[in-house]
Structure formats: structure tokens, C-alpha cells
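Trainee: Kindly generate the corresponding structure for this input.
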Amino acid sequence: MPDGDRISEDAKWYVVHTYAGYEKKVADNIEKIKEAGALSDKIQEVRVLTTTVVEIKNSKEVEVERNLFPSYVFVKMEMSTDTWHGIQNLRGVISFVGVESKPRPLTDAEMRRFEVVKAEPRVELSFGTGDIVAVVGGALEGYEGVVESISHEKGSAKVLVNMFGRKTSVEIGFKDLASIADGN
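Mentor: Down below sits the predicted model:
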């Protein structure tokens, strides 16, 4: 807990540790506290840092929003006894990140590293190197093979398939592959 009611001159970024899956709810509740007026001058901004990933399901690309830091909410605020208690007592909050119950603010450099620039969504695959996959599209549909390597730049994987009585390495696009373990 912070010392007394001393308020820092400038708001700083703090990290709130939450139960898994409570990030959005905690962020929404902090916003409600802010809007209620009592702490509106002390809480400036609340963020759940996310990124967009592309999942391949049933040979289709689906964009999904994912938390970059599961179980964490970032709050820019002036630390005081009121703000500490107001946030610490919310349902889903475990604690502020810090040492010995004393919240530690992030430096500006740390926060800049955490901030996400919305760029090309990254592809998230249900298979990796060494996994067995089924070819579900293209000229080799119906074949199965072992993933030798993955190229996110090309959007494809090299797969070792049994063709013409021997193992052959072929490059196949992500959309045409499905993990056998997933049942995709």
C-alpha cells in the first residue's frame, strides 16, 4: 500500500494483476470508478494490451483478438491511498505488481516497449515442426505428412509426405494444412 495520501505530481503507468479471464471486466470496472467522479482526476487511462492473430480453422483464416499479457491490466494514474484501495478492492483483482505490496510504476521506456502498434496480424497455427498434419486442399489433398519447417514469411510449411513409395518434402500453404491432433 502506498504511503499516506501523497499523490505523485504526474500520473504513472501501473500494472494490475487479475485473475485469468478478468482483464476486460477489471478494466471496465476501473473505467466505471473513473467515470463515477471520485477518482476521475487521478485515473487517466486504462488498457488491456491486445494483438490480432490469424487462426486457421477448417482451412479458413479467422482474425482473433488476443491479450498480449493475460491476467494484467495497465492503468495510468496518480497513486494514492484512494486509488490503491479503489482498484485493489475490485472483484477479479489480485494485486498491483510491485515489491512487498508496494506498487512499482513502469518507466516510460518499459511502457513504450509494451505498447502495440497495430500491424499485420500474425498467424497462429495449430501445428508445429514435427507434428503430423493432413493436407486438406490443393493438389495433395488427402495426404498426411510430418511438418519439417514453417515459414511465416511465405505462409507455408515444408511437409514430408509419402509419395511414389518414398518420402518427399513439399511446400504447402497454411490454409491447406490441418493438425491431425486437433481434428481441424
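Trainee: Show me where this structure has its helices.
Mentor: Taking DSSP state H as the test, the helices found in the chain are 23-36, 81-88, 108-114.
Trainee: Distance to Gln44 and mean neighbour count for the ones you listed - can I get that in CSV?
Mentor: Just so you know, the C-beta spots here come from the backbone N, C-alpha and C atoms, and that holds for glycine as well. Output for the helices of the chain, formatted as CSV (distance: least, Cβ to Cβ, whole Å; neighbours: other Cβ atoms under 10 Å):
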stretch, distance to Gln44, mean neighbour count
helix 23-36, 8, 17
helix 81-88, 11, 18
helix 108-114, 13, 11
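Trainee: Tabulate the ones you listed in CSV, adding columns for mean pLDDT and distance to Glu171.
Mentor: Formatted as CSV, those follow (pLDDT from 0 to 100; distance: least, Cβ to Cβ, whole Å):
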stretch, mean pLDDT, distance to Glu171
helix 23-36, 93, 38
helix 81-88, 91, 51
helix 108-114, 80, 35
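Trainee: As JSON lines, the ones you listed with distance to Thr168 would be great.
Mentor: Converted to JSON lines, the helices of the chain look like this (distance: least, Cβ to Cβ, whole Å):
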{"stretch": "helix 23-36", "distance to Thr168": "46"}
{"stretch": "helix 81-88", "distance to Thr168": "59"}
{"stretch": "helix 108-114", "distance to Thr168": "44"}
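Trainee: For Ser179, find the nearest of these.
Mentor: helix 23-36 (27.8 Å; Cβ to Cβ).
Trainee: could you say what helices and strands the closest one packs with?
Mentor: Using 3 or more Cβ pairs under 8 Å, 6 or more residues apart in numbering; DSSP states H and E, the elements in contact with helix 23-36 are strand 12-18, strand 43-47, strand 72-77, helix 81-88.
Trainee: pLDDT on stretch 51-58, on average?
Mentor: Per-region confidence: stretch 51-58 scores 74 on mean pLDDT.
Trainee: what's the domain layout of this protein?
Mentor: 12-122, 127-179 (automatic domain parsing).
Trainee: Lowest average pLDDT across the ones you listed?
Mentor: Across the domains of the chain, domain 12-122 has the smallest mean pLDDT, namely a mean of 86.
Trainee: Any buried residues in stretch 152-170, and which?
Mentor: 156-159, 161, 170 (16 or more other Cβ atoms under 10 Å).
Trainee: which residues in the protein form strands?
Mentor: Using DSSP state E, the strands of the chain run over 12-18, 43-47, 50-57, 60-67, 72-77, 93-96, 98-99, 102-103, 122-124, 132-135, 144-151, 156-163, 166-173, 177-179.
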